[in-house]
Structures are given as structure tokens and as C-alpha cells.
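Engineer: Got a predicted model here, sequence first, then my questions.
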Amino acid sequence: MKRIILTALLAIPALLSFNAKADDKPIPATELPAAATAFIKNFAPATVTVAAVDDDFFRPDYKVYLSDGTAIEFRHNGQWEEVQNYKGISTKVIPAAIAKYLEANYKGTAVTNISYDADDLDSYEVKLASRIELKFDRNGNFLTMEYDD
């Protein structure tokens, strides 16, 4: 039993140092990929308050926080993966087919989160302020709906 506890205690510093390497590193907004910079312009007049890179893996990922409370995650190439704002996300960044579906079925309900998963058959997941989660295919066709309780 003492050996197990000792082994666990010795492993803690190694785990902590691994987590420290995975932390995001602040960078100037000018170091973001061009596609990310272009996407951020959709949120004007909001400005970048913090930009960070997580280059722990083979390709860096980026996180950006804007002055209006929006948080955006980007892939290594600047393609957005997730946009979040609890006050609501601008419809400028929501694909047209999805925005049309939301207007027809959830008019007046704010979108608080939209994510794009290129690894999951190019699907979109949309979270509404009403705690409804919607999933769409790559063309913006509605697939499923869940209530987040």
C-alpha cells in the first residue's frame, strides 16, 4: 500500500508539468492566421482583447477573446471551430442555411454557441439561449434536436 501511495506522489509532478505544457500561450493578434483575422472582422466593432496559441500538438490551435464577450476557437489554418457568447452570436457568422432554419423555427431566440466539427462529417452544432441544442450537416440541413437539461 505504501508503495502505491509513494508511486502516486512521485507521478504528480510529472502530471503537473505535462499540463503546464498544454496551457495556452498569449500571442499578439497579429500572429493569428489570415483566415482567423478575416473571420474576426465579422464581430466589429468588437476588438481582440486576448489571443492565445496552444501548440502542444503537431498543429497549433488558437483561442481569441473579444471585447464584446465573444470567445472563438480556431484550427491551425485559421478555420473557426467554435464561437461562444452568452449574450448571443451575430448572425453574420452563422451559415446561411442554418440562419434561415433558425429564423423560421426559433425566431428571436439567441444563438449562444455554434461549433463546426470538420472531423465529424463536417457537422455544425448550435446551442440556443433556450437550452436547445441543434445539429446540422455540412450543408446546413437540420439533423437532430436535444434539450440540455
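Structural biologist: Arrived safely. Numbers count the residues shown, from 1 in each chain.
Engineer: What segments of this protein are strands?
Structural biologist: In the chain, the strands defined using DSSP state E lie at 25-27, 48-54, 61-66, 71-74, 80-84, 111-117, 123-128, 132-136, 142-147.
Engineer: Show me the shaky parts of the protein.
Structural biologist: Applying pLDDT under 70 to the chain flags residues 1-23, 56-57, 120.
Engineer: Can you pull up the most central residue in it?
Structural biologist: Geometric centre of the chain, nearest residue: residue 82, 2.6 Å, by Cα atoms, centre = their mean.
Engineer: Could you measure from it over to residue 104?
Structural biologist: Separation of residue 82 from residue 104 (Cβ to Cβ, to the nearest Å): 24 Å. C-betas here are computed from N, CA, C, even on glycine.
Engineer: can you check residue 58 too?
Structural biologist: Using Cβ to Cβ, residue 58 is found at 41 Å from residue 104.
Engineer: just to revisit the earlier point, residues touching the residue nearest to the centre of the chain, list them.
Structural biologist: Residue 82 makes contacts with 71, 72, 73, 113, 114, 115, 116, as judged by Cβ atoms under 8 Å, 6 or more residues apart in numbering.
Engineer: Buried ones from those, can you make that a PyMOL selection?
Structural biologist: A single PyMOL command is used to select the members of the contacts of residue 82 judged buried by 16 or more other Cβ atoms under 10 Å:
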select buried, resi 72+73+113+114+115+116
